[in-house]
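need a 3D model of the sequence below.
(3 chains)
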Amino acid sequence: MAEAPHIDIDKVAELARIALTEEEKTKFSSQLESILGYIDKLNELDTTNVEPTAHPHSVENVWREDRATSELPTCEAVKNAPKQRQNMFVVPKVVE
Amino acid sequence: MEYEAVIGLEVHVQIKTESKIFSGSRSGYGYEPNTLVDPVVLGLPGSLPVMNKTALDGIIKAGLALNCTVPDYCKWDRKNYFYPDSPNNYQITQYDQPICDGGFVEIEMEGETRAVMGSHRKVALTRIHLENDVGKLNHFAEDSLVDYNRAFTPLMEIVSEPDMHSGAEAFAFLTAIRQTMIYCGISDCDMEKGQMRADANISVRPVGQKELGAKIELKNLNSITGVKNGIEYEIKRQTQELKKGRKMTQATWRWDADLGRTELMREKEDAHDYRYFPDPDLMPVRIDDEWRERIRCEIPELPFDKQRRFMQQYDIPYSITSVLVPDWELSEYFERAAKQMPKWAQAIGNYVTNDLLRELSDSNTALSECKISPDGLLSLVEVIEKGVITKQIAKDVFIEMFNTGESATEVIERKGLKPDFDEGQVKDWCQEVVDENPRPVEDFRSGNDKALNALLGQVMKKSRGKASPQIVQGLLKELLS
Amino acid sequence: MMSAELYYKSASELSGLLNRREISSVELTQSVIGRTKAVDDLVQAFNSFDEKNALAQAADSDARRNRGESLGLLDGIPVGIKDVLAVKDQPLTCSSKILADFVSPYDATCIQKIKRSGAVLWGRLNMDEFAMGSSTENSATKITGNPWKLDCIPGGSSGGSAAAVSAGESIVSLGSDTGGSIRQPASHCGVVGLKPTYGRVSRYGLAAFASSLDQVGPLGRTVWDTAVLLQSISGHDINDSTSYKVDVPNYVQAIKQLKGRKWTFGLPKEYFESASDTASMGPVKEAIEFYKSIGCEIKEVTLPHTAYAVATYYIVATAEASSNLARYDGIRYTHRAESFDAKDSVDIYRQSRAEGFGNEVKRRVLLGTYVLSSGYYDAYYLKAQKTRTLIRRDFEEAFKDVDALLTPTAPSPAIKRGAHSGDPLSMYLSDIYTISANLAGIPGLSVPCGYVDGLPVGLQILGKPFKEDEILAMGNEFESVHNFKNEHPPL
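This next block holds a predicted model:
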């Protein structure tokens, strides 16, 4: 195995938008590093001229015609919202 | 030291479709909040995107109209970032294999006066790709409300090379894109409705320096004029900073159109890590020559080409074409009349760009609702050119036609505007006037051309304004020669 | 009549009883409800169920049948639904705290199809949170027991779906399979489970774990039951771009037609070598002997990239999951943290997701985020996509010589609860026999083939793409001379 992978857990958690406790950070980094260590075995393979597989079947041009079908009634659209007002989703003030 | 600005634009244009880019919910503007939504638009668990064929046709058309290469293959990628207006917290877009590569936009700079054509040049494009639009945030004092009606509207991003140098060029660039999109029926590009939006990347460097200066991203450019003013302000600001010896750093600024200045939004942050990867829910797109050609055939003659042709084919001045051509319907209207009688094109053009536009605007009528057909307008020009009625009378005839939809002859007939005398009678009146007014006759014969006008006026009076001034003039000259 | 035992009959038998009016769907549904109420305190297979609603559906079914308008073999049969499929006006929790209060405003395509087949939708079955896991221990709702030994896991992630059928709490059920999540719990609970070819069943309305690997599939007490349920959910769907435009054969007919065919089976060398100490191997070897005895040919084949499947899988699956699960953010319909720093515009995400997701989900989302992040994409994600190509090719090669592959479904029978805790990698490795089928997109069937220490063990039959009819026929061949379907857990 190559050098043990190191995860910048703070950076990854921030990208994933998950708050972690210090304890979780320690636990997850060591677990993820051990998984990455295992995953490292892929480097044994030479994949130089191998095409990547993004889909199990190579199908192209799957589309629909431009026709409006149906919508959700607004009451259904917002019924699961943790917080809503005027049929819109309430979020903390966003500064852009 | 002299400084120069380098500007690139990222222009987002919504494609006009009935339904959304990846779902069957309607696309539209001005609806009640969260009425144009379905499981896909809300990013509900289990929802899946399916491509809208018309959106693909739309961007291919845009790409071909803007001289891009449309490669055989493109695919969809996810751009991952969290933001409340993004239903899935990823945007479906095209990362490394966009649907349109390269291309350029022909732009026209402002001429010296409105009657003179400005200089033309090509602004290089990097690419155009397709992606889903996001929802809209409505800001309040304490919180923000999200409406997802706009989310998943088909959205093109047209990316220019850093190939412009002034606000005026950016203005011309956006104008050209807008006109092309409207001509092609791809988008109405109404910036107030968010159908076209632009961000600018501006950097300033000393003339002669090769490397670009620090890139300032300018946002909140809500109108084409805003783009121009914002960029010009920003260039001035950066130039002044540099002259003071300050160093520019990469940042995002925001144009405040009310205050007429830019303000700092944020300093350079860590580069975004969007974690692009191919969207496993969507299949790639393969485009063949047949598809490309089918779309190419749908592209109409583009604005600048039409303008050049009008000037040449109909021999009409730039000032008329610059009113006609930006409005596709108006230019078509003009041409339907002009191509029947090219020698009267200028008169037709004058009527269309003056009287017709004025009446349409005064009565708040769309051209498509206008009661005067191109043939009707032609009938009016014909009676004027043939001297049947005077231009003065024609003005009233035009208004009648506009209100009733009658042809020029019908109006003339109904209102008795047609002269009730023949040319012999006019000749007699001319002879009478020559006989009755020896002074002006003398003046004219001694070289004062203006004296003819006095005689003309007398004849017109006798005809109660119905005689054709051109004909009377001709007859008078004949008599006096 | 014998209503007490209806819940243990197969759908094929029940369908006959219903058609001959010997029982009604209401009676059958009552039997299943009664059984559920009697044993689910022990098994804990259901996240929720709605008795009234199920009985109303059953009454509708009876009325249809009485009008002579029966919708077919599934009409009136209770079908348990894994809590990962959207059913209009029903909760959809994915066994996650983050969706605890979510009620779906729409139906998944396979649910619409099941409704059209007249089946009685019955309950919401427990699972590993967002289908991430192999034990159903990663559920935020409850811990499901294996009906055969309650202190053992039922397998996962469709543990509730397998346990419910096994314990007579449902006649058949729907699960989803991303890396073995139907087949492995079927094996552990002694029922039949099928993962269809990728694209055979629409994923529209299946809360995505890993989009390029997920498939919805049936579980039942018999191969026939599984085939009937597969029939009703299969087919191209305009709402799923990855569903495949290919005809759906009549599976029940195919099972009959293909009976007695002398198949050629391959035994993947790598599976049997590495598994020399595999506990499940005994019954599997006997099953192989059975096929030999009826005249089928058995060949050794090689799948050279098998050793890389688990690594490939955990990159592809977690990368896709990290993006698929980003929508659970506390804004539109998910749990929102009570407290967050409102001045920090992203804290609502951080806190809601921290509270809403369990450990396994966090772990996988973090791993998936990492492998896609700047600077690592080529080394991990792209590399895995390429390795996936090699794994696909392995199967293409193997299928040139054989009709199907025979393998154990899982390396061991159900393990004790908690055995994997603290070592996620050991759990990941337990998917070793099932994962490749998802990477290659091929169908796989698990049929009960014996017991080890009183726990059921499954035989896995992996088929060619879209040849579900063949593997069902193969499974039926084995099942028809063995009596596993009439053996029930000691509950």
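
name all residues that make contact with the residue of chain C found nearest chain A.
Using C-beta to the nearest C-beta, the closest approach of chain C to chain A is made by residue C:441 at 2.7 Å. For the C-beta atoms, the positions are set from N, CA and C on the backbone; glycine is no exception. With contacts defined as C-beta atoms under 8 Å, 6 or more residues apart in numbering or on different chains, the neighbours of residue C:441 are A:56-57, C:197-199, C:392, C:465.

which of those residues sits closest to residue B:242?
residue A:56 (55.6 Å; C-beta to C-beta).

how many neighbours does the closest one have?
When neighbours are defined as other C-beta atoms under 10 Å in any protein chain shown, residue A:56 has 23 of them.

now swap in the one 10 residues further on and tell me
Counted with other C-beta under 10 Å, the burial measure for residue A:66 works out to 21 neighbours.

so it is in contact with residue B:54, correct?
Yes. Using C-beta atoms under 8 Å, residue A:66 and residue B:54 qualify as a contacting pair, with a distance of 3.5 Å.

pLDDT weak spots in chain C?
In the prediction, chain C carries residues with pLDDT under 70 at positions C:1-4, C:274-277.

which residue sits farthest out from the middle of it?
What lies farthest from the middle of chain C is residue C:343; by C-alpha atoms, centre = their mean that is 43.3 Å.

find the residues that touch each one of residue A:66 and residue B:54.
Joint contacts of residue A:66 and residue B:54 (C-beta under 8 Å, 6+ apart) are B:17-18.

that older thread, separate out the buried members of the contacts of residue C:441.
A:56, C:197-199, C:392, C:465 (16 or more other C-beta atoms under 10 Å in any protein chain shown).

what's the local residue count around residue 75?
The chain I'm using is chain A. As a burial measure, the neighbour count of residue A:75 was computed by other C-beta under 10 Å and equals 10.

meant chain B, my bad for not saying
Around residue B:75 there are 19 other residues, counting by other C-beta under 10 Å.

quick check, pLDDT for it.
Residue-level confidence at residue B:75 comes out at 96, pLDDT.

which residues touch it?
So residue B:75 contacts A:54, B:94, B:97, B:278-279, B:282, B:284-285 (C-beta under 8 Å, 6+ apart).

just these now: which is nearest residue C:183?
Here the nearest of these to residue C:183, counting by C-beta to C-beta, is residue A:54; it sits at 24.2 Å.

looking at the buried ones among the contacts of residue C:441, which is nearest residue B:425?
Using C-beta to C-beta, residue C:199 is the member of the buried ones among the contacts of residue C:441 that sits closest to residue B:425, with 89.4 Å.

please name the nearest non-neighbouring residue to residue C:387.
In space, and not counting its chain neighbours, residue C:387 is closest to residue C:312: 4.5 Å by C-beta to C-beta, 6 or more residues apart in numbering or on different chains.

name the SS class of that neighbour, please.
Here residue C:312 is recorded as helix under DSSP: H, G, I helix; E, B strand; the rest coil.

how many neighbours does it have?
Neighbour count for residue C:312, taken as other C-beta under 10 Å: 26.

please apply the same query to residue C:455.
Neighbourhood size, residue C:455 [other C-beta under 10 Å]: 22.

for it, which non-adjacent residue is closest in space?
According to C-beta to C-beta, 6+ apart, the nearest residue to residue C:455 is residue C:413 (3.7 Å).

tell me the phi and psi of that neighbour?
When read as degrees, to the nearest 10, the backbone of residue C:413 gives phi -70, psi 180.

residues contacting it?
Here residue C:413 is in contact with C:152, C:187-188, C:279-280, C:451-453, C:455-457 (criterion: C-beta under 8 Å, 6+ apart).

contacts only, for residue 45.
I'll assume chain A. Taking C-beta under 8 Å, 6+ apart as the test, what residue A:45 contacts is C:305, C:308, C:383, C:387, C:390.

switch to chain C, that's the one I care about
With contact taken as C-beta under 8 Å, 6+ apart, residue C:45 is in contact with C:80, C:125-126, C:144, C:154, C:159-161, C:163-164, C:167, C:169.

can you convert the residues you listed into TSV and add a column each for distance to residue B:259?
What follows is the contacts of residue C:45, written out as TSV (distance: C-beta to C-beta, whole Å):
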residue	distance to residue B:259
C:80	63
C:125	60
C:126	59
C:144	63
C:154	65
C:159	62
C:160	61
C:161	62
C:163	66
C:164	65
C:167	71
C:169	68
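
which one of those has the most neighbours?
Within the contacts of residue C:45, residue C:161 tops the neighbour count with 40 neighbours, counted by other C-beta under 10 Å.

so it, which of the three states?
When states are read from three-state DSSP, the local structure at residue C:161 comes out as helix.

so which residues of the stretch 251-400 of chain B form strands?
When secondary structure is read from DSSP state E, counting those that start in this stretch, the stretch 251-400 of chain B shows strands at B:251-256, B:261-267, B:277-278, B:285-286.

got a list of contacts for the third one?
Among residues not part of strand B:277-278, those counted as contacts by C-beta under 8 Å, 6+ apart are A:54, B:75-78, C:319-320, C:323, C:372, C:377, C:381.

go again with 10 Å.
By C-beta atoms under 10 Å, 6 or more residues apart in numbering or on different chains, the list of residues contacting strand B:277-278 from outside reads A:52, A:54-55, B:75-80, B:90, B:95-97, B:284, C:212, C:316, C:319-320, C:322-323, C:368, C:371-372, C:377, C:381-382, C:385.

hang on, the earlier thing: now render the contacts of residue C:413 as a markdown table, adding secondary structure.
Converted to a markdown table, the contacts of residue C:413 look like this (three-state DSSP):
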| residue | secondary structure |
| --- | --- |
| C:152 | strand |
| C:187 | helix |
| C:188 | helix |
| C:279 | coil |
| C:280 | coil |
| C:451 | strand |
| C:452 | strand |
| C:453 | coil |
| C:455 | strand |
| C:456 | strand |
| C:457 | strand |
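
list the contacts for the residue positioned nearest the centre of chain B?
Averaging the C-alpha coordinates of chain B gives a centre point, and the residue nearest to it by C-alpha atoms, centre = their mean is residue B:179 (3.8 Å). Shown here is residue B:179, whose contacts under the criterion C-beta under 10 Å, 6+ apart are B:189, B:302-304, B:325-328.

pull the longest helix from chain B.
The longest helix of chain B (DSSP state H) is helix B:224-243.

top strand in chain A by residue count?
Scanning chain A for the strand with the most residues, using DSSP state E, yields strand A:88-92.

direction included, what does that strand pair against?
Strand A:88-92 pairs in its sheet with strand A:84-85 (antiparallel), strand B:143-147 (antiparallel), by DSSP bridges.

looking at those strands, which is nearest to residue B:222?
Nearest to residue B:222 among the strands paired with strand A:88-92 is strand B:143-147 (18.1 Å), distances taken as C-beta to C-beta.

near chain C at all, whichever helix or strand comes after the closest one?
Downstream of strand B:143-147, the next assigned helix or strand under DSSP states H and E is strand B:154-160. No. Contact between strand B:154-160 and chain C is absent, the nearest approach being 16.0 Å (criterion: C-beta under 10 Å from any C-beta of the partner chain).

let me know the angle separating the very next helix or strand once past strand B:154-160 from helix B:224-243.
Helices and strands here follow DSSP H and E; after strand B:154-160, the next one along the chain is helix B:167-184. Counting by axes from the mean of the first three to the mean of the last three C-alpha atoms, to 10 degrees, helix B:167-184 points 150 degrees away from the direction of helix B:224-243.

and helix B:167-184, how far out from the chain's middle?
On the basis of C-alpha atoms, centre = their mean, to the nearest Å, helix B:167-184 is displaced by 7 Å from the centre of the chain it belongs to.

thanks again, I'm all set now.
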